[in-house]
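Student: 3D model of this:
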Amino acid sequence: MNKSTIKKIVILGGGTAGWMTAAALSRFVKTEATEIILVESAAIGTVGVGEATIPHIRVFNDMLGIDEDEFMRSTRATYKLGIRFDGWGSESSDYFHPFGDHGFPIKGIPFHHYWLRARKLAEVETFDRYSLANVMAASERFIYPSANQNSVESTFSYAYHLDAGAYARFLRDYSEARGVQRVEGEVVSVTLNQDTGFIQSLNLADGKILAGDFFIDCSGFRARLLGQELKVPFTSWNRWLPCDRAFAMPSELTADIRPYTRSSAKSAGWCWQIPLQHRMGNGHVFCSSFCTDQQAVDILLAHVQGKPLADPRRIDFEAGMRYHAWEKNCVAIGLASGFLEPLESTSIYLIQVGIYKLLELLPISSDFELDAKEFNRMVSDEYEKIRDFIILHYHLNNRAEGFWQQTATMNIPDSLQHKMEVFKESASVVEYDAGLFMPPSWLAVYFGQGLFPEKIDSRIEQISTHELLPLVQKIPEHLRHLVKKMPSHTAALHALSSGKMAANSVKPRMSLYGGAR
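Tutor: Coordinates of the predicted model:
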């Protein structure tokens, strides 16, 4: 059969994953030639806590031709410059993971080598104060990055905090305007071809039969098609990521809106705070082996600063991924393919990765073997690299609680062990050919949680102390001077309605699969 035989694509599940997939397909697939149907049930809820993003979402919105101001107004979004981590190294520690560089390379040598040597010679400021994004975040300021690549104001990026439900509704309108058909209904059974095992149709509770040539599973944790029907097994990573439960709840805003996500380590997990224009998103991720539900709720309520707007909602999960994300004529996107807790706001990014790769492989024929093999390789690689980075946060700690002692002493994946050993030996960050987290991200966690190398680049030893120290010591003050001139984050949000800042914005400087600055 040739590639033109794919006449009907059926997406199971709405939410963020389903409507992002539908929107992308409606943008690049001619719906008059290929019918796109999304089936969802109002009776089946979505997880709906993916409110923090990373800069790659800007690539996705730009790909769809979405106006940023319209998007931010519709989703009640705020700007995000990074994540603040409280108590992750020790109970009293704190640091920022920025969307941006720390310092700048000098004579081809990464800046952190200069900082490490200066740190041994004299008192210098903490590493995160050498990142403009961090200084902006801590001061609650925001501007768009400069288009001048020679300016320090070009050395950061930004993302959003958004209402995930509103984003799904926004993309639904976008998709339906471009020919996507939405069907309300609950799947009660699935018909498979007896000879090939391919999915033939979804059978709904009201008697409707939705036949299709290709199916996309966006049914969330249930993995209704990939897991339940096609029997693709789930590989658990709970030996490295033991948190298995969360409580989430919204609350009223009580102060100015911060341009960063806050992650605070607790006795058996961590709490998040995600500020939107109209409310604060709160949650507590924890390990049920070390914390009861009541204890978890009590910790969450103590962490919430404003008046609760709803009761805490429990979410059960298990870290890991399906053995294959593409099996026969079905691709899983989002939670149906795997789950990594929202510590680094990667859920929407992983949805994007699946969508991008699917678009790359379109048009598709009924012979999916090669396409599926490449898709599965890429998705597995992305999940495993992000998995390692999240494990690093848990493993690299000096806390005394039983949960944290367990994660500090556990055996970690060989891939992560290698990266940590190389860094400890030489201060070199092992880089990926393709992958999400780039050296600034690893350095933020290494230094923020207390891992310092034994050696640095030997070329730094040739630079005199009188030359090195002023060079390193003057940077934080220079960044603070720049930031004082910037508008507050609150003022930047007010400027959305007037569009005054939009003229200064620049496109994200990243590839679809590469890391954000």
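
Student: Give the other helices and strands that the longest helix along the chain contacts.
Tutor: Longest helix in the chain, counting residues (DSSP state H): helix 369-395. Other elements packing on helix 369-395 under the criterion 3 or more Cβ pairs under 8 Å, 6 or more residues apart in numbering; DSSP states H and E are strand 320-322, strand 326-327, helix 347-361, helix 402-409, helix 414-426, helix 439-448. Quick note: C-beta positions are derived from backbone N, CA and C, even for glycine.

Student: which non-adjacent residue is nearest the residue most central in space within the chain?
Tutor: Closest to where the C-alpha atoms of the chain average out (Cα atoms, centre = their mean) is Thr346, at 1.7 Å. Counting by Cβ to Cβ, 6 or more residues apart in numbering, the nearest residue to Thr346 once its immediate chain neighbours are dropped is Ile386, at 5.3 Å.

Student: surely Phe452 meets Leu116?
Tutor: Yes. With contacts counted by Cβ atoms under 8 Å, Phe452 reaches Leu116, the gap being 7.3 Å.

Student: more crowded one of those two?
Tutor: Counted by other Cβ atoms under 10 Å, Phe452 and Leu116 do not tie: Leu116 has more neighbours, with 20 against 13.

Student: Could you say which helix or strand holds that one?
Tutor: helix 111-121 (DSSP states H and E).

Student: for the record, mean pLDDT for stretch 371-382?
Tutor: Average pLDDT, stretch 371-382: 94.

Student: now stretch 420-434
Tutor: pLDDT averaged over stretch 420-434 gives 90.

Student: gap between the two ends of that stretch?
Tutor: 19 Å (Cα to Cα, to the nearest Å).

Student: from the chain's centre, how far out does it sit?
Tutor: 22 Å (Cα atoms, centre = their mean, to the nearest Å).

Student: what's the burial count for Ile351?
Tutor: Residues lying near Ile351 (other Cβ under 10 Å) number 25.

Student: repeat for Lys7
Tutor: Lys7, neighbours per other Cβ under 10 Å, totals 11.

Student: Helices of the stretch 51-200 of the chain, residue ranges please.
Tutor: For the stretch 51-200 of the chain, helices defined by DSSP state H, counting those that start in this stretch occupy the ranges 56-64, 68-75, 111-121, 132-139, 164-177.

Student: what does the fourth one contact?
Tutor: What that stands for is helix 132-139. 81-82, 84, 96, 98-100, 128-129, 142-143, 152-153, 155-158, 258-260, 476, 479-480, 482-484, 486 (Cβ atoms under 8 Å, 6 or more residues apart in numbering).

Student: if we can go back for a sec, could you say which of the helices of the stretch 51-200 of the chain is packed most deeply?
Tutor: helix 132-139 (a mean of 26; mean count of other Cβ atoms under 10 Å).

Student: next one: phi and psi at the closest residue to Phe111 other than its chain neighbours?
Tutor: With Cβ to Cβ, 6+ apart as the criterion, Phe111 has its nearest non-adjacent residue at 3.1 Å, and that residue is Gly103. Gly103 adopts backbone torsions of phi 60, psi -150, taken as degrees, to the nearest 10.

Student: tell me the contacts of Gly103?
Tutor: 111-112, 114-115, 130-131, 472, 475.

Student: hmm, 10 Å instead?
Tutor: Contact analysis of Gly103 by Cβ atoms under 10 Å, 6 or more residues apart in numbering lists 110-115, 127, 130-132, 152, 155, 440, 471-472, 475-476, 479.

Student: swap in Ile463?
Tutor: By Cβ under 10 Å, 6+ apart, the contact list for Ile463 reads 106-107, 109, 114, 117-118, 469, 471.

Student: same thing with Ala205?
Tutor: 41, 43, 185-189.

Student: in the sheet, who's paired with Ile106?
Tutor: Counting by DSSP bridges, Ile106 is bridged to Ile109.

Student: For stretch 97-110, buried residues please.
Tutor: By neighbour count on 16 or more other Cβ atoms under 10 Å, the buried set for stretch 97-110 is 97-103, 110.
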